[in-house]
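# I would like the atomic coordinates for the input below:
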Amino acid sequence: MANTCVIGLKGVDCTNSDGSIVKASDLQMESLILAGLGYDHATHTIKPQVLKSTNFQKVEPIRETNTVNTLSNAQQLYSMIYPNHDGSSKVYNGLYSHNEGVDLIFSKYFQGEFTVYNSQKQFVSHHVESEGTSIVSGFEKIIEFLPGQYDADLYNLVLSYFGDSVLTSVDYGGVVDLTSSVRSCFSDGRIQQFVQSELSDIVGQAAESMPDSYARYHKVSQMDIVGGNPEISDIRQRIPTFSANPVPIFFTTIPIWQAFPAGSKRENMKYAYDKFMARRSSIISDMVNRMNTLQQQESQQAIQFKSFGRNRNGILVDIGTVNLGLGQKAVISAPRCFFQTTITELPASASINLVRNGDQTFQFNALCSARNGFGQTIVDQQNSQLGKGSCVSVGLPVPQEQTVVVGSKNQWGKVLVGWKYPDITEVIVCGGCQAFISGDGRGISCHCPFVQ
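Numbers count the residues shown, from 1 in each chain. A predicted model of the protein is given here:
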């Protein structure tokens, strides 16, 4: 009974001519370790053979490699899931499982301002390459059948059946893939080392203990394993079966039109390929834009700000907490102030305000205002900028003289602007972080927020 079999990214994909499934135990696995196979980047699917393959080389002992990729934005994520294949591209197995819906990927990995780390441990048991661009007889017949005049339906059928690309160099074996999401503000320089240690522990290899800080800023880890005996669920027991049940774990590709001999049919295939890729690129671009929109919407959500006051004994006290969205403002402290003229002391009101600007910056204003006889407001303003995830001391203005102008006239001449702080000598505001007063009550730490 005839059957068609290929080793796909998840394992053997094999059916009889009557549609029944062929058991992997009934196959000669080594006969399926090939290069020159077709490949569809969008669906991560291995397709029928296009180019001739050399005989594989067995890698003994099995070669182990480790990689860690940092993904801080949508473009980086989708460049790995759907690598650029306008020309030759490199594809890593293990990432195929991360092509679920954009909103799900965002909520799982990025929401809450996280950076994604993809760590892989690859076990290479076989290596094989194509024989240049020498095509197999079956594909040669396909080319002979294609018309010299461009026919969109026929050339698109080639893309549908054989894929958009061809595997030219392939490492077979198995891979354990771990995708972790960690707070973006967690700045320990050893973070990639922590991610690798987490993966090493999973596969049963020696791993250094990870600090509590990593656990506090770690959101989620998704583990995938491909290759080996799929009936074995235990990872450590499955790894030794990679060599007997290998899958493509790393490969390079070329566009399928490059497998065609020079001539009009090659040009027709390239034209169909370019249009096909343009449609695919548009879909991927929509995914990137959707992810960017979700991240932009999140950046506009309210951020928590905590304010502290230092008393005359140097001890910090909690003044209050406010949550501000873009363009919002709030009063965080209300000291007293006065305007002293040569004639009288004007009644005045004071406030220290926080303003979250539309460009993601934050401004603190220390304001003192009074109404004079003409109904004008006299204001002394002290500005201070705050970066997200940090603290700033709002300098309390010292008494100073300023010229007050009403209309076109110097109505009041020199006015002394003074501030009265009966209890507080300094105001400190922390934004977008987990702020704590130190044990001695004199210092403040502004930690990256823990994962709840």
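# Run through the residues that contact residue 152.
When the contact criterion is Cβ atoms under 8 Å, 6 or more residues apart in numbering, the partners of residue 152 are residue 272. From N, CA and C alone the C-beta is placed, and that goes for glycine too.
# Now the strand ranked longest in the chain: buried residues?
Secondary structure of the chain read by DSSP state E shows that its longest strand is strand 114-135. For strand 114-135, a neighbour-count test (16 or more other Cβ atoms under 10 Å) marks 114-130, 133, 135 as buried.
# Which segments of the protein make up each domain?
Per the record, the chain has its domains at 22-299, 303-447, by automatic domain parsing.
# List the neighbouring strands of the longest strand of the chain plus their orientation.
According to DSSP bridges, strand 114-135 forms sheet pairs with strand 51-53 (antiparallel), strand 57-71 (antiparallel), strand 165-183 (antiparallel).
# Verify the stated contact: residue 424 with residue 308.
No: using Cβ atoms under 8 Å, residue 424 makes no contact with residue 308, being 9.5 Å away.
# mind listing the strands for the stretch 251-400 of the chain?
Along the stretch 251-400 of the chain, the segments classed as strands by DSSP state E, counting those that start in this stretch run 303-311, 316-324, 329-333, 336-340, 345-346, 348-356, 362-371, 377-386, 390-394, 400-406.
# Over to the residue nearest the centre of the chain: give its phi and psi.
Centroid-nearest residue in the chain, with Cα atoms, centre = their mean: residue 72, separated by 3.4 Å. Note on residue 72: its backbone torsions stand at phi -100, psi -10 [degrees, to the nearest 10].
# From residue 451, how far off is it?
17 Å (Cβ to Cβ, to the nearest Å).
# quick one on the thing from earlier: can you say which of the strands paired with strand 114-135 is nearest to residue 442?
strand 165-183 (27.3 Å; Cβ to Cβ).
# Show me which positions of the next helix or strand after the closest one end up buried.
Per DSSP states H and E, the first helix or strand lying C-terminal to strand 165-183 is helix 191-202. Buried residues in helix 191-202, counted by 16+ other Cβ under 10 Å: 191, 194, 195, 196, 197, 198, 199, 200, 202.
# what is the orientation angle of the longest strand of the chain with helix 191-202?
Using axes from the mean of the first three to the mean of the last three Cα atoms, to 10 degrees, the direction of strand 114-135 lies 70 degrees away from that of helix 191-202.
# for residue 112, helix, strand, or coil?
Using DSSP: H, G, I helix; E, B strand; the rest coil, the structure places residue 112 in coil.
# How about it: what's its closest non-neighbour residue?
Nearest non-adjacent residue to residue 112, counting by Cβ to Cβ, 6 or more residues apart in numbering: residue 219, 6.9 Å away.
# Tell me if I'm right that that neighbour and residue 181 touch.
Yes: between residue 219 and residue 181 a contact is recorded at 4.2 Å, counting by Cβ under 8 Å.
# Tell me which of the two has more neighbours.
Neighbours of residue 219 and residue 181, each counted by other Cβ atoms under 10 Å, are more numerous for residue 181; the result is 22 against 17.
# What's opposite that one in the beta bridge?
Beta bridges link residue 181 to residue 116, residue 220, judged by DSSP bridges.
# doesn't residue 113 make contact with it?
No: Residue 181 is not in contact with residue 113 according to Cβ under 8 Å; the separation is 10.4 Å.
# Which neighbours do these two have in common?
Counting by Cβ under 8 Å, 6+ apart, residue 181 and residue 113 have no contacts in common.
# neighbours around residue 242, how many?
The tally of other residues near residue 242 (other Cβ under 10 Å) stands at 26.
# wait, doesn't residue 331 sit right on residue 350?
No: the criterion here is Cβ under 8 Å, and residue 331 misses it with residue 350 at 10.0 Å.
# out of these two, which sits in the busier spot?
The residue with more neighbours, out of residue 331 and residue 350, is residue 350; 20 against 13, by other Cβ under 10 Å.
# What separation do you get for residue 436 and residue 308?
Distance, residue 436 to residue 308, using Cβ to Cβ: 10 Å.
# Which of those two has more residues huddled nearby?
Of the pair residue 436 and residue 308, residue 308 is the one with more neighbours under other Cβ under 10 Å, namely 22 against 13.
# Could you list everything that one pairs with in the sheet?
residue 318, residue 428.
# For residue 314, see how far away it is.
12 Å.
# among the strands of the stretch 251-400 of the chain, which gets the worst mean confidence?
In terms of mean pLDDT, the lowest-scoring of the strands of the stretch 251-400 of the chain is strand 400-406 (a mean of 53).
# if we can go back for a sec, what residues do residue 219 and residue 181 have in common as contacts?
Common contact partners of residue 219 and residue 181 (Cβ under 8 Å, 6+ apart): 109, 114.
# quick revisit: next structured bit after the longest strand of the chain?
As assigned by DSSP H and E, the chain's next helix or strand after strand 114-135 is helix 137-145.
# Now do that following helix: distance to the chain's middle.
Its chain's C-alpha centre and that of helix 137-145 lie 43 Å apart, by Cα atoms, centre = their mean, to the nearest Å.
# can you pull the buried residues of the helix or strand that comes right after it?
Counting by DSSP H and E, the next helix or strand C-terminal to helix 137-145 is helix 152-162. For helix 152-162, a neighbour-count test (16+ other Cβ under 10 Å) marks 155, 158, 159, 162 as buried.
# Quick check: mean pLDDT of helix 152-162?
Throughout helix 152-162, pLDDT has a mean value of 96.
# Between helix 137-145 and that helix, find me the angle.
Going by the same axes, to 10 degrees, helix 152-162 makes 170 degrees with helix 137-145.
# Tell me how far helix 152-162 lies from the chain's centre.
With Cα atoms, centre = their mean, you get 34 Å for helix 152-162.
# now stretch 210-226
Centroid separation for stretch 210-226 versus its chain: 15 Å, with Cα atoms, centre = their mean.
# And for stretch 264-271?
How far stretch 264-271 lies from its chain's middle: 37 Å, per Cα atoms, centre = their mean.
# Also stretch 7-14?
For stretch 7-14, the distance to the chain centre is 29 Å (Cα atoms, centre = their mean).
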